[in-house]
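1. can't give you the sequence, but here's the structure:
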């Protein structure tokens, strides 16, 4: 199966032209980690590679360009002025509308890689986790989270979500509803899995 994209060369040029060097390195790191996690957890390796590589395609847009894209693609107005949340939604819209990517699972993996969401697909979970645990990250617990992700993707996702919610709360920042719902959903999923043993 080959991922439908109108022009892969143009897409790759767009990625290189619109990302800072460090963000491009991160994107390649997420691609690599997503492939690793897909291999370990029975995911689609080709989709994981594609979604991982292009997940941050809009990350380095400046505020005016990001807001322009939010309006152009008819995205929620709460994203205006909020690049941290907007870049994933805009990125999915760019892939779909500018490069003809039609695979809904890939688009959702890009769309929700920042917040996660309730009922995530395996691919969405892989890209969400790979974004946090790719090899270029420099935080002190990286190896712990990588090993956890290799062993138990659900537990890794939960711990990342719990950390995110705690960190945002501590900083007095609003926690996106999707993130809270994702955390509660994954908790329930783990509980049901453990009860089924």
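-> Arrived safely. All of these numbers come straight from a predicted model, not from anything done at the bench. Numbers count the residues shown, from 1 in each chain.

2. Can you list the residue ranges for strands in this protein?
-> In the chain, no strands are defined using DSSP state E.

3. what sits up against the top helix by length along the chain?
-> Longest helix of the chain, by residue count under DSSP state H: helix 21-41. Residues from elsewhere that reach helix 21-41 (Cβ atoms under 8 Å, 6 or more residues apart in numbering): 15-16, 19, 43-45, 47-49, 51-56, 59-60, 122-123, 126-127, 129-131, 133-137, 146, 149-150, 153. Quick note: C-beta positions are derived from backbone N, CA and C, even for glycine.

4. For it, which residues meet the burial criterion?
-> 24, 26-27, 29-38, 41 (16 or more other Cβ atoms under 10 Å).

5. thinking again about what came up before, please type out the PyMOL selection for whichever of the contacts of helix 21-41 turn out to be buried.
-> The following PyMOL command selects only the buried members of the contacts of helix 21-41, with burial defined by 16+ other Cβ under 10 Å:
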select buried, resi 15+19+43+44+47+48+49+51+52+53+54+55+56+59+60+122+123+126+127+129+130+131+133+134+137+146+149+153
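
6. before we move on, back to that, looking at the buried residues of helix 21-41, which is nearest residue 98?
-> residue 27 (17.1 Å; Cβ to Cβ).

7. what's the spacing between the closest one and residue 72?
-> With distances taken as Cβ to Cβ, to the nearest Å, residue 27 is found 23 Å from residue 72.

8. what does residue 121 give?
-> The gap separating residue 121 from residue 72 is 27 Å, by Cβ to Cβ.

9. More neighbours: which of these two?
-> Neighbours of residue 121 and residue 72, each counted by other Cβ atoms under 10 Å, are more numerous for residue 121; the result is 17 against 12.

10. residues touching that one, list them.
-> Residue 121 touches 105, 108-109, counting by Cβ under 8 Å, 6+ apart.
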